[in-house]
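In: Make a model of this:
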Amino acid sequence: MQFLLNQQLITVSHLDPNMTVLNYLREEKQRCGTKEGCASGDCGACTVVVASLEEDELKYQTVNSCLTLVSALHGKQLITVEDLQEGQQLHPVQQAMVDNHASQCGFCTPGFVMSLFALMKHKDPGGHTETEQALAGNLCRCTGYRPILQAASDIMRQGTRQDQFLRQQALTKKQLNTIQTPEIQVLQQEARVCYLPQNVTQLAGLCQQHPDAVLVAGGTDLSLAITQSHQRFPVLVALSHVPELKQCYRQGERLIIGAGASLTTVATFLEQHIPATKALFSRFASLQIRNQGTVGGNLANASPIGDCAPVLLAMDAQLILQCGEQQRQLPLEEFFTGYRQTRLQPGEFIHSVIIPSVTLSQKISLHKVSKRMDDDISAVFAAMTISADPQGRVEFVRIAYGGMAATPCRARHCEAVLSGQVITVALIEQACAALSEDFQPLSDFRASAGYRRDVAANLLRRWYFRYSDPSDLTEISDYVS
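Out: Prediction:
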């Protein structure tokens, strides 16, 4: 595999495919500006920027190097904090941090710098809200956020400025185009190997040849087994270079989402068709995680607290599963069989997700409850698609929860109470009571079972208040900026 480290062409073949980009930088290249804080993608101290070619344009995105495996770098440019300074001249982002006294001990500073650098490279970096989103995955330890936000404001006010990356853009594109190859790439060290297929046919063949291989897309969850549990996987198949899995498009009244599309890509796509998803994705982990994580990975992990599953369950989503050349369609609600267990067969992978009715999906209501607003995991997630006729009689209802059971699942008893009935306060209370028949949640460090039961019912009541009076602003974010 090949990639650019700034402008240096790197060719790698003999390297442990379980190695993260962070460890590669620090151990193989002695680039220690990139820090390890949490090794779980929460703190952002390890943030680096990866540039990729999309429609002959360079797209700069932040990623957590502590969770990104080296195989993800093939065909891309890796930029670290050491690459920003030119001689004795600081990069404008670095200079703004200095001018605003935005660094104290400095441990977290490289991550903030790289997040602001990527924001500056956007064609439309936006305003304060976009800056907060860009920095939501960087947790400051000592400096305080005000000077960092002021540095970001200064950078945005100055507008696009010349730097070495802009001047070298044509050369970078040329080198990245040269790297692109149609052949399967292999990264191997002793008995550990990672295959990098370049199209879906190659992927399907590799999955059949190695049915026990571990599939890695963004790796934002899988890599935790490496960094936290010290596991090593003997055979990996990387999905991040298969273009067919990244396509998102509308087909009649259906939306098709490639299983390998990043959450950032999916968020932009869905926002155009189902506006309610915008608020959800702004709270889905951090920008660094969304740039790497995929919808297919979020579903295949079968986590009871994955945020994608309840949303898609409430929209009656279907999965396209592929094994070899054969594809089959499976309702998402039949996909999960137990805690971290699915109906995926050996050699099979998720190809895409189908949302069947865009019009109906406009009715969806999404609620995430967690201990903090940004970069946090759900204690309870509720997704509700409820459609009623002019008389208030429920015509269609799908209610799904995450965090309430061993798998994300629909609240079927609750749905049965509501279906075909006229919506009233009394009916909603009956539906809330029915939730106890659907779920017997557990207590853990995020929330107690009682709290989860109360929150699940209260979210349904909140839906009713918004349904009864749409002008009543029940969300703080509706009126506080």
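
In: Assumed residue 51 was part of a strand.
Out: Yes: judged by DSSP: H, G, I helix; E, B strand; the rest coil, residue 51 forms part of a strand.

In: And the pLDDT at the closest residue to it other than its chain neighbours?
Out: Spatially, and ignoring its direct neighbours in sequence, residue 51 is nearest to residue 77 (4.1 Å; CB to CB, 6 or more residues apart in numbering). C-beta: built from backbone N, CA, C; applies to glycine. On the pLDDT scale, residue 77 is placed at 98.

In: For residue 77, which residues are in contact?
Out: Applying CB atoms under 8 Å, 6 or more residues apart in numbering to residue 77 gives the contacts 3, 4, 5, 6, 50, 51, 52, 58, 172, 176.

In: which residues pair with the first one across the strands?
Out: Yep, that's residue 3 we're talking about. Beta-bridge pairing for residue 3 (DSSP bridges): residue 10.

In: and it, how far is that from residue 172?
Out: Distance of residue 3 to residue 172, computed by CB to CB, to the nearest Å: 12 Å.

In: out of these two, which sits in the busier spot?
Out: More neighbours surround residue 3 than the other of residue 3 and residue 172, with 21 against 18 (other CB atoms under 10 Å).

In: Hmm, residue 76 and that one touching each other?
Out: Yes: counting by CB atoms under 8 Å, residue 76 is a contact partner of residue 3 at 5.4 Å.

In: What subset of the contacts of residue 77 is buried?
Out: Buried by 16 or more other CB atoms under 10 Å: 3, 4, 5, 6, 50, 51, 58, 172, 176, out of the contacts of residue 77.

In: Dump those to TSV, plus pLDDT.
Out: Shown next, in TSV, are the buried ones among the contacts of residue 77 (pLDDT from 0 to 100):
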residue	pLDDT
3	97
4	98
5	98
6	97
50	98
51	98
58	96
172	97
176	97
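
In: Let me know the closest of the residues you listed to residue 301.
Out: Relative to residue 301, the closest of the buried ones among the contacts of residue 77 is residue 50; by CB to CB it sits at 22.3 Å.

In: Looking at strand pairing, list the partners for that closest one.
Out: With DSSP bridges as the criterion, residue 50 is bridged to residue 61, residue 78.

In: cool, and residue 249?
Out: Under the criterion DSSP bridges, residue 249 forms beta bridges with residue 256.

In: residues near it, how many?
Out: Close neighbours of residue 249, defined as other CB under 10 Å, add up to 11.

In: right, and it touches residue 261 too?
Out: No: when contacts are counted by CB under 8 Å, residue 249 is not listed as touching residue 261 (10.4 Å).

In: buried stuff in stretch 207-225?
Out: For stretch 207-225, burial by neighbour count (16+ other CB under 10 Å) applies to 207, 210, 213, 215-224.

In: Send me that stretch as PDB with only the CA atoms.
Out: Provided in PDB are the C-alpha atoms of stretch 207-225 (Å, rounded to 0.1, in the frame of the first residue of the first chain):
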ATOM      1  CA  CYS A 207     -14.900 -12.700   2.100                       C
ATOM      2  CA  GLN A 208     -15.600 -16.100   0.600                       C
ATOM      3  CA  GLN A 209     -11.900 -17.100   0.600                       C
ATOM      4  CA  HIS A 210     -11.500 -15.900   4.200                       C
ATOM      5  CA  PRO A 211     -15.000 -16.400   5.900                       C
ATOM      6  CA  ASP A 212     -13.500 -15.900   9.400                       C
ATOM      7  CA  ALA A 213     -11.800 -12.600   8.400                       C
ATOM      8  CA  VAL A 214     -12.700  -9.500  10.400                       C
ATOM      9  CA  LEU A 215     -14.100  -6.700   8.200                       C
ATOM     10  CA  VAL A 216     -12.900  -3.200   9.100                       C
ATOM     11  CA  ALA A 217     -14.600  -0.100   7.700                       C
ATOM     12  CA  GLY A 218     -13.900   3.000   9.800                       C
ATOM     13  CA  GLY A 219     -12.600   0.900  12.700                       C
ATOM     14  CA  THR A 220     -13.900   3.400  15.300                       C
ATOM     15  CA  ASP A 221     -15.400   0.500  17.300                       C
ATOM     16  CA  LEU A 222     -13.300  -2.400  16.200                       C
ATOM     17  CA  SER A 223     -10.000  -0.600  17.000                       C
ATOM     18  CA  LEU A 224     -11.000  -0.400  20.600                       C
ATOM     19  CA  ALA A 225     -10.400  -4.200  20.800                       C
END
